[in-house]
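# Next one to model:
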Amino acid sequence: MLIIFLQILPLFIIITFGWLLTKFNVANQSWLKPIGDFALYIGFPALIFGNLTVSKIDFNLVGDSFFRYSSLLLGVLFIFLLLINFITKSKTLKATYLISLLFGNAAFLGIPLLVSIDSSLSQISSLNAAVMLFWVFSIGLFIVERYTLEQPNTFRILKNLIKNPLLLSVLFGFLFNFLEIRIPEFIHLPIEMLGYAVSPMVMLMIGVFIAIHPPKSPKDLKLPLVYSFFKLLFFPFLGLITFYFLSKEIEISAITQFAMPAAITPFVLAERYRLNKEFICNSIIVSTILSLITIPIVINLIDYFNQI
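Numbering: from 1, shown residues only. This is a model prediction of the structure:
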């Protein structure tokens with residue numbers, strides 16, 4: 001467990017550095033949008049496209065990734081829809097809890113974290129992130145709109161899904177790989193460099209975000225702590241047990257990325273869908289801090305079950 005902790009610790013040191021920059025008035029709110037836009041439109045598409053074109057893809061891997069990650073997300077969604085009416089009657093809170101639960105940091109934190117543990121996981125981690133984005137930006141947003149809007153706009157959801165730069169990078173990565181289109185080294189190298197640059201920038205952004213949106217009082221952390229337990233430990237453990245009894249072998253990337261803390265994206269969506277911003281902010285903070293402890297626990301549980 002200590003080895004895994006030390007492998008992921010550098011990422012959290014960069015997050016802490018972003019927090020310190022904000023506390024010393026070097027970084028501020030104005031940093032978030034340009035870094036977020038770079039990550040969404042340039043950095044992570046470059047990282048994913050570079051991962052998918054650096055070597056030949058085993059397309060059996062694509063099917064396995066889609067099955068595993070879809071099973072995890074849709075399974076959690078099914079359980080959520082069964083239980084949510086017992087938790088709250090507020091449609092706003094239902095939408096808030098749903099979007100926070102489904103939107104894990106599988107791309108912005110999950111990909112660099114897994115690559116830091118094992119560089120051979122770059123392709124599968126990119127595929128997992130794409131599967132998550134596909135379901136969350138389609139069925140996830142459709143359910144959220146059913147809760148929060150008078151008339152869900154299916155066309156807008158499909159349009160945003162098709163235009164999503166991360167999904168487009170996966171599509172073009174598959175296409176180039178399948179058609180065996182060779183990218184010249186002088187072009188592929190800068191693409192990889194942009195991909196390498198995005199991870200530390202996003203870690204800084206998370207640190208800045210945490211510093212700008214501190215909890216107002218300890219009482220505000222009660223629900224985010226409950227959320228973090230289910231997001232970081234309970235649902236990943238449930239998925240781990242399920243996969244173990246189905247296949248007797250657990251692929252590390254799917255469960256690990258599923259156990260990522262809350263992403264910043266729900267905060268961006270909060271304005272459009274009138275979600276509970278306070279809960280989302282506190283959940284991002286609490287789950288990100290706790291994930292430094294819970295991620296090594298999840299990875300060691302995966303190793304334990306694979307050795308049984």
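# Can you get me a residue count around residue 272?
Counted with other CB atoms under 10 Å, residues neighbouring residue 272 total 12. No exception for glycine: its C-beta is placed from N, CA and C like everyone else's.
# Equivalent analysis for residue 225, please.
13.
# so what's it up against?
Counting by CB atoms under 8 Å, 6 or more residues apart in numbering, residue 225 touches residue 286.
# can you pull the pLDDT of it?
At residue 225, the pLDDT value in this model is 95.
# Double-check that it belongs to a helix.
Yes: under DSSP: H, G, I helix; E, B strand; the rest coil, residue 225 sits within a helix.
# Low-confidence stretches in this protein?
1, 150, 152, 248-249 (pLDDT under 70).
# at 80 what do you get?
1-4, 7, 55, 57-65, 149-157, 160-161, 246-251, 268, 271-272, 308 (pLDDT under 80).
# For it, which segments are assigned as strands?
Assigned by DSSP state E, the strands in the chain number zero.
# need the longest helix for it.
helix 277-307 (DSSP state H).
# Now do the buried residues in that helix.
Of all the residues in helix 277-307, those buried under the rule 16 or more other CB atoms under 10 Å are 278-288, 290-291, 294-299, 301-302, 305.
# what does stretch 25-34 give?
Neighbour-count burial for stretch 25-34 [16+ other CB under 10 Å]: 27, 31, 32.
# any idea how far residue 276 is from the last one?
Read it as residue 32. Separation of residue 32 from residue 276 (CB to CB, to the nearest Å): 20 Å.
# ditto for residue 299
Taking CB to CB, one finds residue 299 at 31 Å from residue 276.
# for residue 261, same thing?
18 Å.
# between these two, who's got more neighbours?
residue 261 (24 against 19).
# Does that one touch residue 101 like I think?
No: Residue 261 is not in contact with residue 101 according to CB atoms under 8 Å; the separation is 11.6 Å.
# residues in contact with residue 216?
residue 278.
# quick one: contacts for residue 127?
Residue 127 touches 61, 62, 65, 66, 170, counting by CB under 8 Å, 6+ apart.
# do the same with residue 71
239, 242 are the contacts of residue 71 under CB under 8 Å, 6+ apart.
# same question, residue 266
96, 99, 100, 103, 275, 280, 284.
# let's see 7 Å
Applying CB atoms under 7 Å, 6 or more residues apart in numbering to residue 266 gives the contacts 99, 100, 103, 280.
# List phi and psi for residue 215.
phi -60, psi 140 (degrees, to the nearest 10).
# Next, count neighbours for it.
14.
# what does residue 88 give?
Neighbours around residue 88, by other CB under 10 Å: 12.
# Name the nearest residue to it, sequence neighbours excluded.
Nearest residue to residue 88, sequence neighbours excluded (CB to CB, 6 or more residues apart in numbering): residue 94, at 6.2 Å.
# Any figure for the gap between the one you found and residue 85?
Counting by CB to CB - residue 94 and residue 85 are separated by 8 Å.
# next one: residue 134
Residue 134 is 27 Å from residue 85, by CB to CB.
# So between those two, which is more surrounded?
The neighbour comparison of residue 134 against residue 85 (other CB under 10 Å) goes to residue 134, with 20 against 9.
# For the more buried one, which residues are in contact?
residue 167.
# ok, the closest residue to residue 16 other than its chain neighbours - contacts?
In this structure, residue 16 finds its nearest non-sequential neighbour in residue 207, 6.2 Å apart by CB to CB, 6+ apart. Residue 207 is in contact with 15, 16, 17, 18, 19, counting by CB under 7 Å, 6+ apart.
# How many neighbouring residues does the last one have?
Residue neighbour count, defined by other CB under 10 Å, stands at 20 for residue 19.
# got a list of what it touches?
Counting by CB under 7 Å, 6+ apart, residue 19 makes contact with 207, 210, 211.
# Show me these that map onto helices.
Assigned to helices by DSSP H, the following of the contacts of residue 19 qualify: 207, 210, 211.
# And those residues, which is closest to residue 115?
Residue 115 has its nearest neighbour among the ones in helices among the contacts of residue 19 in residue 207, at 19.8 Å by CB to CB.
# Can you tell me which of the buried residues of stretch 25-34 is nearest residue 78?
residue 32 (33.7 Å).
# Please name the residues that touch that closest one.
Neighbours of residue 32 in contact, by CB under 7 Å, 6+ apart: 205, 208, 209.
# redo that, cut-off 8 Å
Counting by CB under 8 Å, 6+ apart, residue 32 touches 205, 208, 209, 212.
# what's the overlap in contacts for residue 261 and residue 101?
residue 231.
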